[in-house]
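[1] Take a look and give me a structure for this.
(chains A and B)
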2 protein chains.
Amino acid sequence: MDIENILDQLTNLIENRKIKDLREFLKNIKSADFPSILENIEDERKIMVYRLLSKEKAAEVFVELEHDDQERLINCLTDKEIKNVMNEIYMDDAVDLIEEMPSSVVNRILSNTKPINRKIINELLKYPDDTAGSLMTTEFIDLRDNMTINDAFKFIKQKGLKKETVYNCYVVSNDRELIGIIDIKDLLLADREDVVKNIMDSNIIKVNTLEDQEEVTKIFDKYDLVAVPVVDQENRLVGIITIDDAVDVIQEENTEDFELMVGITSTTDDSYFKTNVFTHAKNRILWLLLLMLSATITGTIITGFESAISALPILVTFIPMLMDTGGNCGSQTSTLIIRGLATDEITTKDFLKIIWKEFRVALLIGIILALVNSIRILIQYKNPLIALLISITLIFIVLASKLIGGILPIIAKKMKLDPALMASPIITTIVDIFSVSIFFWLSSIIFNL
Amino acid sequence: MDIENILDQLTNLIENRKIKDLREFLKNIKSADFPSILENIEDERKIMVYRLLSKEKAAEVFVELEHDDQERLINCLTDKEIKNVMNEIYMDDAVDLIEEMPSSVVNRILSNTKPINRKIINELLKYPDDTAGSLMTTEFIDLRDNMTINDAFKFIKQKGLKKETVYNCYVVSNDRELIGIIDIKDLLLADREDVVKNIMDSNIIKVNTLEDQEEVTKIFDKYDLVAVPVVDQENRLVGIITIDDAVDVIQEENTEDFELMVGITSTTDDSYFKTNVFTHAKNRILWLLLLMLSATITGTIITGFESAISALPILVTFIPMLMDTGGNCGSQTSTLIIRGLATDEITTKDFLKIIWKEFRVALLIGIILALVNSIRILIQYKNPLIALLISITLIFIVLASKLIGGILPIIAKKMKLDPALMASPIITTIVDIFSVSIFFWLSSIIFNL
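    As a prediction, the model looks like this:
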């Protein structure tokens, strides 16, 4: 059923005041579809629809909403309703909420949270951003190794956790050290009288609370996991990270790279439209200013060749083509290297291999570009000397730009900077300086200027 | 245990011919770690290590290897060993293998595959690349709605499937139509005498075999799924896609976008080093040629202003800065829009909203850049008229480039092209033409040239 269809039926039920049918109808709508549905109905009806949801569903839907809609909703809810939401949602979602709400709302949320959960939230808030600790949730099944499978089943039923936390169960020692993992499939197929110890896997893939979130996603990807346990410095199990959060991090990190690679330094993960004009300008201005001022170096170099330009004004017409080609060549290489570093296909040890590979690719491309351009110049200007000049310049520029594009991301990585910084804008600016210098230097040799 | 540690122990066990210990030791190494281990041991030892693995593990490790290592391994294996691998691996992995191997190897693989699996492989090979059908695997649990939970458990034990396919079970009708889903947690907690029908969820998120793989990943992301069922045109269940494959697609699609955005048209998903020099050159040359030739338009425009340049040669020194700033501004906007379209935060309907937003951002940025640049020019050249010219030009260029950067990806999307095409290289080239034109036009007005 698509959103428009749902909306039609919903409006119909509301207008005919068929509350019972409406309640049934809402049960069949997936929580993730609610944001787009609520967006499309009138404000006074929103809260009415929300109040018809079951306790569990109300919490699920709440988590799916955008931050500003959550804030508006909280302001309409009673303390009891907020309590219900805070009892039902996962601790990682609670932490996200607390981090995004203004302080007055935070106070109201926390005063309607059970003391034990408040304590957990406060613990989780202490982990630095972008670490495993800040991603994890604290709802998981922790079994003991001397339990029978029957005991384990009883324990799970009693804890009554939701599905995403239950595909893997964890086995901890008396001092809460993580000693084993059991996949739910193995629990299901095991003999009921057997002991947990015998079916658990003690060869555990786990991460530390302070592990970088990008490394966490790589572990998910490499080992095809649905959840990974998080341990503290003493190997005590403190939480788990689930695959859906790992996928969100993958997308966030990709977006960050895309933005960084065109000189956007975003400080929030708000969407394009949720970000206001001033923040957009602030995110973009820094690199533009830096790059604009750097680009004047290229201009200054050109000033040094004013006499050459006066003598042979046609030279100027080749500057844009040479600059653009250099920039494009360099960006291609730097993007491949940046992406390779991000996906672990390339490491800083591959430095020389990259240079050798790019050198050969650049030579091949440089020769092809030079040939095509020579033909164009011979047809357009009938001047073989200029064709020669541009050909040699092009080959030099392609070589230089591809090598610069290959080297800079590796250097950035070695310096513990984000390699994505070394993308199009910086490469273009650096290659420009080189391109213009080599062009005028070769011109002055060939034309004796 | 890290790779180096594993390698030390492994070498030790091999050299002391402790085969039994070696076999035990290998059991504790995760399949995903084998590629980097095998890469680091001598060739003759590789096959010996591989042969010590259990049947199931041998198949798992095989799937983890790179395609050329798989080919080399197959050439060392007996028919019986190949049979074992083909009996153990998932059908989606089998299809990937068939697609990547040379035909002689494919013949040997298929002749060692059970006829029923050969039939499935042939069916799966028919689905177009990048569709749900080409991603799915055919191992899943299909229950009937009149089974009791006890029956369901027996059925699962009998099918004996591996973990990734078992977190969700599917319920099908007599003619194999998909009518319900059961999460394994619900199966586990259900009363053993109850009937499948009563605990299944008939409100199903599913995809069609021909659904685009990018849409499939969005469904995983939106509904936080670990697997999604795939149905044919008649709603018959034909396969499932698991989250690990969806994550791979997300990374592939991101890599494709990164590459396309710098004018690389890659035809394989081989890694940087596995791609040879000629293929690298081929992937990059097309756009470089197109862009190089387009950039000559900018050059030709400059030719038209040769007299202006002769009269005021200093004008030339501003060309690189203006071109670069325009290119950078345009790229920032186009990247935000391309990314927004890819993550569904922006739709083509937002056209006017984007223009209005970018217009205001551009005005703000243009004014700041103009101010900073005026100060620099006044200090460097002490010429207020040039400062004025550059300021006005900059504001125009920023406005135009941000609008072009905002509009082109939307147009591409409307024309069913990949919006990622409209990134830095194309934007830069188009904005260059505009920047140079506006610059010389304003110069001729202000300086009466």
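
[2] how deep is the closest residue to residue A:370 other than its chain neighbours tucked in, by neighbour count?
    If the residues on either side of it in the chain are set aside, residue A:370 comes closest to residue A:391, at 3.8 Å by Cβ to Cβ, 6 or more residues apart in numbering or on different chains. Quick note: C-beta positions are derived from backbone N, CA and C, even for glycine. Neighbourhood size, residue A:391 [other Cβ atoms under 10 Å in any protein chain shown]: 19.

[3] check which helix or strand covers residue A:391.
    Using DSSP states H and E, residue A:391 maps to helix A:384-414.

[4] Buried ones in that helix, by neighbour count?
    Within helix A:384-414, the residues that count as buried by 16 or more other Cβ atoms under 10 Å in any protein chain shown are A:386-387, A:389-410, A:412-413.

[5] The strand or helix carrying residue A:154 near chain B at all?
    Element membership of residue A:154, judged by DSSP H and E, is helix A:149-159. Yes. Using Cβ under 8 Å from any Cβ of the partner chain, we find that helix A:149-159 touches chain B at A:153, A:156, A:157.

[6] Mind checking which of the residues you listed are buried?
    Listed as buried from the residues of helix A:149-159 next to chain B are A:153, A:156; burial here means 16+ other Cβ under 10 Å.

[7] Other residues contacting stretch A:69-81?
    The set of residues external to stretch A:69-81 that reach it, using Cβ atoms under 8 Å, 6 or more residues apart in numbering or on different chains, is A:35, A:38, A:46-47, A:50-51, A:58, A:62, A:65, A:82, A:85, A:97, A:100-102, A:105, A:108-109, A:111-112.

[8] Derive a ChimeraX selection command for the buried subset of the residues you listed.
    What follows is the ChimeraX syntax for the buried subset of the contacts of stretch A:69-81, where burial is set by 16+ other Cβ under 10 Å:
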select /A:38,46,50,58,62,65,82,85,97,100,101,105,108,109,112
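
[9] Okay, and which of the contacts of stretch A:69-81 map to helices?
    A:35, A:38, A:46-47, A:50-51, A:58, A:62, A:82, A:85, A:97, A:100, A:105, A:108-109, A:111 (DSSP state H).

[10] for the stretch 101-250 of chain A, which spans come out with low pLDDT?
    A:160-165 (pLDDT under 70).

[11] returning to what we had before: which strands and helices lie in contact with the helix or strand that the helix holding residue A:391 is followed by?
    Toward the C-terminal end, the helix or strand that comes next after helix A:384-414 (DSSP H and E) is helix A:424-446. Secondary-structure packing of helix A:424-446 (3 or more Cβ pairs under 8 Å, 6 or more residues apart in numbering or on different chains; DSSP states H and E): helix A:277-303, helix A:306-311, helix A:319-342, helix A:384-414, helix B:319-342.

[12] residue contacts, the residue nearest to residue A:370?
    A:370, A:371, A:373, A:374.

[13] cool, and residue A:229?
    A:140, A:168, A:170, A:178, A:181, A:204, A:206, A:207, A:237, A:239, A:240.

[14] go on, residue A:206?
    Applying Cβ under 8 Å, 6+ apart, we find residue A:206 in contact with A:178, A:228, A:229, A:230, A:231.

[15] again, 7 Å this time
    A:178, A:228, A:229, A:231 (Cβ atoms under 7 Å, 6 or more residues apart in numbering or on different chains).

[16] Report pLDDT for the residue nearest to residue A:370.
    At residue A:391, the predicted lDDT confidence score is 95.

[17] now it: how far from chain B?
    To chain B, residue A:391 is 12 Å away according to Cβ to the nearest Cβ, to the nearest Å.

[18] any idea how far residue A:439 is from that residue?
    Distance, residue A:391 to residue A:439, using Cβ to Cβ, to the nearest Å: 12 Å.

[19] rewinding a little: switch the helices and strands packed on helix A:424-446 over to TSV; also include distance to residue A:76.
    Below are those laid out as TSV (distance: least, Cβ to Cβ, whole Å):
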stretch	distance to residue A:76
helix A:277-303	27
helix A:306-311	69
helix A:319-342	42
helix A:384-414	48
helix B:319-342	30
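
[20] which one of the ones in helices among the contacts of stretch A:69-81 is nearest residue A:124?
    Using Cβ to Cβ, residue A:97 is the member of the ones in helices among the contacts of stretch A:69-81 that lies nearest residue A:124, at 11.6 Å.

[21] who's in contact with that closest one?
    Residues in contact with residue A:97, defined by Cβ under 7 Å, 6+ apart, are A:70, A:109.

[22] 10 Å - rerun?
    Residue A:97 sits next to A:62-63, A:67, A:70-71, A:74, A:85-86, A:89, A:105-106, A:109, A:121 when contact means Cβ atoms under 10 Å, 6 or more residues apart in numbering or on different chains.

[23] what's the answer for residue A:212, then?
    A:128, A:130, A:131, A:132, A:218.

[24] same thing with residue A:297?
    A:429, A:430, A:432, A:433, A:436, A:437, B:320, B:321.

[25] got the contact list for the third one?
    The contact partners of residue A:432, by Cβ under 10 Å, 6+ apart, come to A:294-295, A:297-299, A:301, A:319, A:322-324, A:326-327, A:330, A:397, A:401, B:320-321, B:323-324.

[26] For residue A:229, see how far away residue A:211 is.
    12 Å.

[27] can you list residues touching both of these two?
    A:132, A:241.

[28] where does residue A:179 land in three-state SS?
    Secondary structure, DSSP: H, G, I helix; E, B strand; the rest coil: residue A:179 is strand.

[29] Tell me how far it lies from residue A:146.
    In terms of Cβ to Cβ, residue A:179 sits 11 Å off from residue A:146.

[30] tell me the SS of residue A:241?
    Assignment for residue A:241 (three-state DSSP): strand.

[31] what residues are up against it?
    Contacts of residue A:241 (Cβ under 10 Å, 6+ apart): A:92, A:132-137, A:207, A:211, A:213, A:216-217, A:219-220, A:225, A:227-230, A:249.

[32] Filter the residues you listed down to the buried ones.
    Looks like these have A:92, A:132-137, A:207, A:211, A:213, A:216-217, A:219-220, A:225, A:227-230, A:249 buried, using 16+ other Cβ under 10 Å.

[33] From those residues, which land in helices?
    Judged by DSSP H, the subset of the buried ones among the contacts of residue A:241 located in helices is A:92, A:132, A:133, A:134, A:135, A:213, A:216, A:217, A:219, A:220, A:249.
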